[in-house]
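1. I would like to see how this sequence folds:
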Amino acid sequence: MLRASLVVVAVLALASLASAAYFTEKFDDSWASRWVVSDWKKSDGTAGVWKHTAGTFYGDAQEDKGISTSEDARFYAISSKIDKPFSNEGKDLILQFSAKHPQSIDCGGGYIKLLPSTTDQKNFNGESPYAIMFGPDICGTSTRRTHVIFTYKNKNHLIKKDVKCETDKLTHVYTLIVRPDNTYEVRIDGKKVESGSLTDDWDFLAPKTIKDPEASKPSDWVDEAKMADPSDVKPSGWDDIPAKIVDPKASKPDDWDEESDGVWEAPTIDNPEYKGEWKAKQIDNPAYKGPWVHPMIANPDFSDDATIYKYNDIGVVGFELWQVKAGSIFDNIIVTDSLAEAEDLMAKTWTKNNAAEKAMMEDQDKAQREKEEADRKKAEEERKSQEAAKADDEDDDEDDEAAQAIKNKKAEHDEL
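-> Okay, the predicted model is just below:
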């Protein structure tokens, strides 16, 4: 019995070890020791500064701390090494993190990247090769998407679907699942928003079939379904009917002077008898063969690949962004082959704190609205008070003028 228990414990331990996350980051107070800020854009002064914060509203002041962009109109690049670079061959790959835009982001990225272990972290930039880029990207009302970009054979491939992202000020969790059967799934806040096949939703491979380059539509192919009836004849006199006629109700005005006004001409109107250009009626075309379809052949350049999903060297996690309005906060990153681990991290962070964060934001928004309304009323009262004071001053001036006039009259009377 003891041996059986030990075996169970050993199996569970091995299973736990086998499914341990490759990378987890919750951004505690020691986060800076694990992350490298790139020197990219520092020389021209456009590199932004990262700060450690939970923002002005949160569910838990300490647990919700992440790294935040802090300066408007700046480039940001920061990365962290995965202790043991790995390959996802034969295994699920789950990339998950949270993004929060308390600044009501108007234009900027919020995506994360998985990069090879050879990445030069001090020079990490927008041109650095990566394996996967994933997460929200917002710019105005035209760009509001969740990017899912894979690098395949040294070329970046964008998903062909439009995957929406969250655009409010709250924290949201983005999860990407890539499976070894070349399928994928995107979740936001734990709910599936997109899924499918890597080969269907990205242009990784050449098409399986192409139009036969040696085929062309025969010169005698008839693809007009209708034709003019050859027995239909235009009625005689059809073209003699004018489109416009003189308005029979019009008459020269009585005050018309031809010497000064010129020769009077009656206005014209549409001719109700006019039938337009004559066209023969249409009948079914007996020679019609239907639309010509270009024959397809197997594409000699097509080569299937069952390993599109696979990356041999994932060794760095990074953010490389441009933001017009800064303030985005990123937190709770996990890279793993266990969906259960990713779900557990979300449950212990976002799910636990989400309601409190939302309540705190709503309280702050309400207080801000009330302050703005109070400020508006105060400004209105001050305006009215200033107008009343001005009116009083004008009345006083008028009284002074009247009093002075009386004094002047009295002085004139005394002189008399």
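
2. report pLDDT for Ile238.
-> You called it Ile, but residue 238 is Trp. On pLDDT, Trp238 comes in at 89.

3. please, where are all the helices along the stretch 101-250 of the chain?
-> Counting by DSSP state H, counting those that start in this stretch, the stretch 101-250 of the chain has helices at residues 198-201.

4. could you pull out the strands for it?
-> Remark: strands assigned in the stretch 101-250 of the chain by DSSP state E, counting those that start in this stretch are 107-109, 112-115, 132-139, 143-152, 155-158, 171-178, 183-188, 191-197, 209-211, 226-228, 244-246.

5. per-residue confidence averaged over the third one?
-> Strand 132-139 carries an average pLDDT of 96.

6. just want the angle from that strand to strand 183-188.
-> Per axes from the mean of the first three to the mean of the last three Cα atoms, to 10 degrees, the angle that strand 132-139 makes with strand 183-188 is 40 degrees.

7. show me what the most centrally placed residue in the chain is bridged to.
-> In the chain, the residue lying closest to the centroid (Cα atoms, centre = their mean) is Arg144, at 1.1 Å. Beta-bridge pairing for Arg144 (DSSP bridges): Ile138.

8. for Glu320, which of the strands of the stretch 101-250 of the chain is the nearest?
-> Set against Glu320 and scored by Cβ to Cβ, those come closest in strand 112-115, at 6.2 Å. Where you see a C-beta, it was placed from the backbone N, CA and C, and this is true even at glycine.

9. contacts for the closest one?
-> The contact list for strand 112-115 (Cβ atoms under 8 Å, 6 or more residues apart in numbering) reads 79, 95, 97, 124, 128-135, 311, 314-320, 330, 333, 335.

10. hmm, which of those are the buried ones?
-> Buried subset of those (neighbour count, 16 or more other Cβ atoms under 10 Å): 79, 95, 97, 124, 128, 130-135, 311, 314-320, 330, 333, 335.

11. between the strands of the stretch 101-250 of the chain, which gets nearest to Lys407?
-> strand 107-109 (70.1 Å).

12. quick check, pLDDT for Ala405.
-> 73.

13. pretty sure it sits in a helix.
-> Yes - per DSSP: H, G, I helix; E, B strand; the rest coil, Ala405 lies within a helix segment.

14. quick revisit: any idea how far the residue nearest to the centre of the chain is from Gly110?
-> 11 Å (Cβ to Cβ, to the nearest Å).

15. what touches both of those two?
-> By Cβ under 8 Å, 6+ apart, the residues touching both Arg144 and Gly110 are 137-138, 165.

16. okay, the residues you listed in JSON lines with distance to Lys281 and neighbour count next?
-> Output for the shared contacts of Arg144 and Gly110, formatted as JSON lines (distance: Cβ to Cβ, whole Å; neighbours: other Cβ atoms under 10 Å):
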{"residue": "Asp137", "distance to Lys281": "57", "neighbour count": "18"}
{"residue": "Ile138", "distance to Lys281": "57", "neighbour count": "23"}
{"residue": "Cys165", "distance to Lys281": "56", "neighbour count": "22"}
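
17. what's the closest of those residues to Leu158?
-> Asp137 (10.9 Å).

18. isn't the closest one right up against Gly110?
-> Yes - the criterion here is Cβ atoms under 8 Å, and Asp137 meets it with Gly110 at 6.7 Å.

19. overlap in contacts, those two.
-> If you check Asp137 and Gly110 against Cβ under 8 Å, 6+ apart, the residues they both contact are Cys165.

20. still on that earlier bit, nearest to Lys211, of the shared contacts of Arg144 and Gly110?
-> Asp137 (35.3 Å).

21. output the contacting helices and strands for the strand or helix carrying Thr24.
-> Per DSSP states H and E, Thr24 falls inside strand 23-25. Other helices and strands packing on strand 23-25, by 3 or more Cβ pairs under 8 Å, 6 or more residues apart in numbering; DSSP states H and E, are strand 74-86, strand 329-336.

22. give the buried residues for the longest one.
-> Yep, that's strand 74-86 we're talking about. Going by 16+ other Cβ under 10 Å, strand 74-86 has these buried residues: 74-82, 86.

23. next structured bit after it?
-> Using DSSP H and E, the helix or strand that follows strand 74-86 in sequence is strand 93-100.

24. quick one: strands adjacent to that next one?
-> When DSSP bridges is applied, strand 93-100 pairs with strand 171-178 (antiparallel), strand 329-336 (antiparallel).
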